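Visitor: next one to model:
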Amino acid sequence: MLGTPRRSRFRPQGRRTGTHSTVAAAAAAATVLLVAGCGGGGDVPTGAVPEPDATYGGLLPAAQAPAPEGFSSQNIEGVVIDAPEGWEVDQGDGQLCMRPPGQSDCGYGAIQVRPKAAERDSANWPKKGDAFNKDDGWAADTSACRSPNTAAAGEVGIKEARHQVVGNGLTTHADGLKSHYSVWSVTCDNDETFEVRMWFLPTSDVLVYAWSIDQRYEPVYLQVAESMDVTEYNR
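Guide: Below is the predicted model:
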């Protein structure tokens, strides 16, 4: 198996601490003690805390994880791509999977790399009918919610999905080839939301697929996709 799983190498960020000087005040000719008020003294600026309905999934956004310390090169059937250090990497059934720390399966937060993606799919997804550019093209099976709270059970249905084109809709990879880059914002029947990302080379039939992104690793997904090189695969 390529890409031996590693233990997480993300380091928790240091926490600053500080000491505040205490000021004791006594009245000159009275026995009354003045008690200092607590609470920091200042008002929280308006808008400092995001409104729940303006954030991912109706929840406050998770703190962004530290950037990976580096990347390691992986290879599946000639498709070469970088995996973040600290992520678990395994492959089987024609798929390479990169899982962020703490994730046990190739679902929420994971990145899937699939050579011969459409050829191996019974419905020829995502190539057939240019599904990679359609609202309902975010998965071969679009029946189950993939939000953080429901992904494991898969029991909540889908209300709607919206396809979004990022920039000019293309991503240039390490080998100079350009893939179709698509993002879907999907709303579940319980009004929770999740996001799917896809980079697809229709001619080469290679797919990089973020099944349901973990916002803490938001910058990592594009970095991984951009590193892909299919030169050896296409020989």
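
Visitor: show me which positions of the lengthiest strand in the chain end up buried.
Guide: Using DSSP state E, we find that the single longest strand of the chain is strand 158-172. By neighbour count with 16 or more other C-beta atoms under 10 Å, strand 158-172 contains the buried residues 158, 161, 163, 171. All C-beta atoms are positioned from the backbone trio N, CA, C, and that covers glycine.

Visitor: wait, the last one touches residue 179, no?
Guide: What that stands for is residue 171. Yes - Residue 171 lies in contact with residue 179 (C-beta atoms under 8 Å); the separation is 5.2 Å.

Visitor: identify the contacts common to the two.
Guide: Here residue 171 and residue 179 have 199, 225 as joint contacts, going by C-beta atoms under 8 Å, 6 or more residues apart in numbering.

Visitor: rewinding a little: chain center to the longest strand of the chain: distance?
Guide: When distances are taken as C-alpha atoms, centre = their mean, to the nearest Å, strand 158-172 is centred 15 Å away from the chain's centroid.

Visitor: outside of the one helix or strand residue 196 maps to, which residues touch it?
Guide: Applying DSSP states H and E as the criterion places residue 196 in strand 193-201. For strand 193-201, the external contacting residues (C-beta under 8 Å, 6+ apart) are 56-58, 117, 126-127, 132, 138-139, 145-148, 151, 171, 173, 177, 179-188, 206-213, 221, 225, 228, 230.

Visitor: swap the cut-off to 6 Å and go again
Guide: Applying C-beta atoms under 6 Å, 6 or more residues apart in numbering, the contact partners of strand 193-201 are 57, 126, 132, 138, 146-147, 171, 179-187, 207-210, 212-213, 221, 225.

Visitor: ok, stretch 223-235 next?
Guide: Outside stretch 223-235, the residues that touch it by C-beta under 6 Å, 6+ apart are 78-82, 111, 171, 173-175, 199, 204, 206, 208.

Visitor: the helices in this structure, which residues?
Guide: 117-120, 218-226 (DSSP state H).

Visitor: and residue 154, how close does it get to residue 165?
Guide: For residue 154, the distance to residue 165 equals 28 Å [C-beta to C-beta, to the nearest Å].

Visitor: what do you get for residue 96?
Guide: For residue 96, the distance to residue 165 (C-beta to C-beta) stands at 26 Å.

Visitor: likewise for residue 78?
Guide: Counting by C-beta to C-beta - residue 78 and residue 165 are separated by 29 Å.

Visitor: do residue 225 as well
Guide: From residue 225 to residue 165 the distance is 15 Å (C-beta to C-beta).

Visitor: what's the answer for residue 175, then?
Guide: 23 Å.

Visitor: residue 228 now?
Guide: 20 Å.

Visitor: please apply the same query to residue 80.
Guide: When distance is defined by C-beta to C-beta, residue 80 is 27 Å away from residue 165.

Visitor: what's the neighbour count on residue 196?
Guide: Using other C-beta atoms under 10 Å, residue 196 is surrounded by 21 other residues.

Visitor: now swap in residue 175 and tell me
Guide: Applying other C-beta under 10 Å, I find that residue 175 has 15 neighbouring residues.

Visitor: equivalent analysis for residue 230, please.
Guide: Neighbour number of residue 230 under other C-beta under 10 Å is 23.

Visitor: next one: residue 235
Guide: Using other C-beta under 10 Å: residue 235 sits among 6 other residues.
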